[in-house]
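got a predicted model here, sequence first, then my questions.
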Amino acid sequence: MARGDSRPPRPATPPLRGAASVIDLRSRRALADLVAEPRVPTGAGPDVRPQTLERLRMEAELRQAAATGALAVHVQPGFSLADGEPEGIELLVRWPTATGDVRPAADFLPLAEETELIVAVGAWVLDVACRQLDGWRGWTSGRPPRAWVNLAGRELRAEGLDVHLRRLAARWRVRPGELGLEVRHDVLHLLPPEALDRLRRVLNSGVALALDDVRTADLALPVGVRPVLVKIDRGVTAGLATSAASRARMAAVVERAHAVGARTHACGVEDSEQLRLARDLGCDAASGYLLSPPGPVEELAGRLAQGVATLRLLLDQELAGRPEV
């Protein structure tokens, strides 16, 4: 949690150009391709579907936003359910509009994942994460919370991911354990051998791994790939108060995760009953709108303080309501 001045430093968020030269986007030609407007398919006539034109328009706008630094990073902290302390901070890419609104990630990330653009966007978010870690050390007590960045399958398959992370760690003095990658469990099983080898090198360098969007206790993993955190899907959390099946599913995931040495994190906690049930079922940490919604990086100190205060109040109320032993 922040001490002293509650205003965190605001390291500049660089435009995507700086990250576009890494991974597999090293040449000027690749950068030109990054910002070039996509072409309407050859042979497309006036009867081309409106959905196709809309997709092409959005892709062109997304490329332009990425290349000019118009994308933004929001953060959402997670908190320990044992003592209420911040346990990790997830960095989430957002696309602000000219009207001041923010496009939901679901509106543009699938499109980015269908193209090479997700590789450049992901490299940029990793750079921002490492920059922030360097700044957070000045206003957190002790070790800063781990920064978590989501990676898609295309990013994990991109050549040079391990080299890029090694350069970032050296540039921003990232220490082992301070940076973590969130990867969907199903994505791991689709990675080719060379991508798995690259991921193993990343993990061996001190970067942590979290399994994201976990819904079942089937945590079979490739050899040499071990998570330190299992993030339980918000859909499971949403059903805790009303569905015995959801409670059984969370309990099974928690048991399996603990068996492989990983902590568990309930995503999407919206009310105190979900929080109580997640804790009773053995979850180690939680995040969600009840504790802190995603928001701009410069508001992080206040969101950490808000989340800690909310969680500790709820924990104290729960303890006060239990009969003495």
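Perfect, I can see it now.

tell me where the stretch 151-300 of the chain has helices.
Under the criterion DSSP state H, counting those that start in this stretch, the stretch 151-300 of the chain contains helices at 153-157, 161-171, 185-188, 193-204, 234-238, 244-259, 272-280, 300-321.

need the residues that contact the third one.
Judged by CB atoms under 8 Å, 6 or more residues apart in numbering, the contacts made with helix 185-188 from elsewhere in the structure are Ala152, Gly153, Leu156, Leu196, Leu211, Asp212, Asp213, Val214, Leu219, Leu221, Pro222, Val225. (C-beta placed from N, C-alpha, C; glycine too.)

that older thread, so for Ala123, which of the helices of the stretch 151-300 of the chain sits nearest?
helix 161-171 (6.1 Å; CB to CB).

show me what counts as buried in the closest one.
By neighbour count on 16 or more other CB atoms under 10 Å, the buried set for helix 161-171 is Leu161, Asp162, His164, Leu165, Arg166, Leu168, Ala169.

what of stretch 56-69?
Quick answer for stretch 56-69 (16+ other CB under 10 Å): Leu56, Met58, Glu59, Glu61, Leu62, Arg63, Ala65, Ala66, Ala67.

among these, name the ones in helices.
The helices, defined by DSSP state H, take in Leu56, Met58, Glu59, Glu61, Leu62, Arg63, Ala65, Ala66, Ala67 from the buried residues of stretch 56-69.

just to revisit the earlier point, and the helices of the stretch 151-300 of the chain as a markdown table, adding mean pLDDT?
A markdown table is the format used below for the helices of the stretch 151-300 of the chain (pLDDT from 0 to 100):
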| stretch | mean pLDDT |
| --- | --- |
| helix 153-157 | 94 |
| helix 161-171 | 94 |
| helix 185-188 | 91 |
| helix 193-204 | 96 |
| helix 234-238 | 97 |
| helix 244-259 | 97 |
| helix 272-280 | 96 |
| helix 300-321 | 85 |
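
okay if I get those as CSV plus distance to Trp95?
Listed next are the helices of the stretch 151-300 of the chain as CSV, based on distance: least, CB to CB, whole Å:
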stretch, distance to Trp95
helix 153-157, 18
helix 161-171, 23
helix 185-188, 23
helix 193-204, 27
helix 234-238, 21
helix 244-259, 32
helix 272-280, 29
helix 300-321, 20
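
those helices: which one's closest to Leu81?
helix 272-280 (4.6 Å).

packing partners for that closest one?
Using 3 or more CB pairs under 8 Å, 6 or more residues apart in numbering; DSSP states H and E, the elements in contact with helix 272-280 are helix 234-238, helix 244-259, strand 263-266, strand 285-286, helix 300-321.

that helix to helix 244-259, inter-axis angle?
In terms of direction (axes from the mean of the first three to the mean of the last three CA atoms, to 10 degrees), helix 272-280 departs from helix 244-259 by 40 degrees.
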